[in-house]
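**Q** Pasted the sequence and its predicted model underneath.
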Amino acid sequence: MTELLNEEEILTKAILVGLESDLGGNEYFSDFDHSMKEMKALVEACDMEVVEIMTQALPHPDNATYIGKGKAHELADAVKELEAEYVIFEGNLSPAQMKNLVNIVGTPVWDRTNLILEIFSRRARTREAKLQVESAYLQFMLPRLTGMWQHLGRQAGGGGSSSGGGRRSNKGIGETQLELDRRHINHRIAELSKELETISKTRKLQREGRERGNLPSVALVGYTNAGKSSLMNRLLSDSEKLSVLNEEKNTDKKVFEKDMLFATLDTSIRRIYREDKKDFLLSDTVGFIENLPHGLVKAFRSTLEEIKYADVLLIVLDSADPYHKQHKQVTENTLKELEAGDIPRIYVMNKSDLLPEDELRPTVPNENTVYISTKTGSGLKELLEKVTELAYGKAKTVKALLPFSKGDLLNKLHSCGAVKSEEYTEGGYLITADCPMHLLSELSQYEERNS
């Protein structure tokens, strides 16, 4: 794993290579130029400078070198001429293709998955995120060990005589080293799994504690760099006065935001205060991207479970991006993989300030679509109204007799401004309240019904 570069250091030179084939290889973006543009942005997010972009057109990827032997040697010449330190491919390479290309170009070769893993390793800040990235990285490297020790295997392939039995070993040093590496990596993956399981249990307890507070949970999801962290920070700023009244400073709880891919990896959960007392918990999660490595989705599953248990999803889309419909599809498919496809959602069309007025119209066939701008603040009031509507639902007027032991439930009703009348009786608190949907099941057992 590579450490973050210091600002004064010169950017690493990289050559970006793309293959346009009849097989496509990109499920959502038929535009090859767009795929290359996104890859260039990923390379730059990894603190690298793209000094050359090379493309190749083939009916299908070459089994040995992905781009064909002739093009691979042309790439090797470009590496020498431009003094490139890395070669990065737009697609995903097989272990054999990667090994062959390294032998030809004489410099490290990365594919799309390798690049995203590197970006994640640089962005990880918490212990959990670092463990998750390491686990995904080791699982990625395991099938790519073959060939790393081939030079030793050729030198000592005949093996010496074994002591006592006189039998000759067919295992070279290279093969022995390969087995040791595999054993070490498998052992480390097992260790990481145990540590992540422990962290997952802690996260579960924390989530259960939040659920006992009975505040609705709202999760920000969407394509990377769509503006999720910007939206969270804007909502935190707008509720700053209310948070101070509740002895909490929202300005101290802002999350990192930057105009770059995968600026945020760690899940952050903040309370958004409302004047109508219909507060909610808002979580910011890692962004999605087309062809997000399966190992990363698997490794980050415990973190992404915050999405699975949300009451409402805010699918944030960059409305000024001509590919926002494709980004929406990538997000929807990832949500299904996380078993979160049926959660109520609001489509948040961010960066609407960059659109002409005549383009401010729903492009998603769903009534829960809101155009906003985190920069100007437009549309945020409508968004919060829709969040309240989905998170709290239509309140039901309930008359109930709460035992004195259920003072916590009474406090919850007061906190969301639901109590219309309250009377102390011998049997407990006799109340009339407009009960939000998320508290209805807890209150219904004490409801007084007409006989």
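**A** Nice, I can see it.
**Q** Output the below-cut-off pLDDT ranges for the stretch 351-451 of the chain.
**A** Within the stretch 351-451 of the chain, the segments meeting pLDDT under 70 span 357-367, 394-395, 416-417, 436-438, 449-451.
**Q** Tell me where it has strands.
**A** Ranges of strands in the stretch 351-451 of the chain, per DSSP state E, counting those that start in this stretch, are 369-371, 396-402, 419-425, 428-435.
**Q** With the stretch 101-250 of the chain instead?
**A** In the stretch 101-250 of the chain, the strands defined using DSSP E, counting those that start in this stretch lie at 109-110, 217-222.
**Q** With distance to residue 400 as new columns, can those be given to me in CSV?
**A** For glycine as for every other residue, the C-beta is placed from the backbone atoms N, C-alpha and C. Converted to CSV, those look like this (distance: least, C-beta to C-beta, whole Å):
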stretch, distance to residue 400
strand 109-110, 62
strand 217-222, 25
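**Q** Of those strands, which stretch is the most buried?
**A** Highest mean neighbour count among the strands of the stretch 101-250 of the chain (mean count of other C-beta atoms under 10 Å): strand 217-222, with a mean of 25.
**Q** re the thing from before, could you save the strands of the stretch 101-250 of the chain as JSON lines and add columns showing mean pLDDT?
**A** Formatted as JSON lines, the strands of the stretch 101-250 of the chain follow (pLDDT from 0 to 100):
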{"stretch": "strand 109-110", "mean pLDDT": "93"}
{"stretch": "strand 217-222", "mean pLDDT": "90"}
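**Q** For residue 129, which of those strands is the nearest?
**A** When the strands of the stretch 101-250 of the chain are compared by C-beta to C-beta, strand 217-222 sits nearest residue 129, at 17.1 Å.
**Q** Can you list the strands that the closest one pairs with?
**A** With DSSP bridges as the test, strand 217-222 is paired with strand 280-284 (parallel), strand 312-318 (parallel).
**Q** Report the distance from that strand to the chain centre.
**A** The chain centroid and the centroid of strand 217-222 are separated by 11 Å under C-alpha atoms, centre = their mean, to the nearest Å.
**Q** Same check on stretch 12-20?
**A** For stretch 12-20, the distance to the chain centre is 24 Å (C-alpha atoms, centre = their mean).
**Q** what about residue 203, how many residues close to it?
**A** When counting by other C-beta atoms under 10 Å, one arrives at 17 neighbours for residue 203.
**Q** hmm, back to that, ok, of the strands paired with strand 217-222, where does mean pLDDT dip lowest?
**A** When these are compared on mean pLDDT, strand 280-284 scores lowest, with a mean of 89.
**Q** Select the longest helix from this protein.
**A** Scanning the chain for the helix with the most residues, using DSSP state H, yields helix 173-212.
**Q** helices and strands around it, which ones?
**A** If you count contacts as 3 or more C-beta pairs under 8 Å, 6 or more residues apart in numbering; DSSP states H and E, helix 173-212 packs onto helix 127-141, helix 150-155, helix 301-308.
**Q** And the pLDDT at the closest residue to residue 182 other than its chain neighbours?
**A** The shortest distance from residue 182 to any non-neighbouring residue, by C-beta to C-beta, 6 or more residues apart in numbering, is to residue 145 (6.3 Å). For residue 145, the model assigns a pLDDT of 71.
**Q** one step back: which stretch in the helices and strands packed on helix 173-212 has the least confidence?
**A** When I compare these, helix 150-155 is least confident, with a mean of 39.
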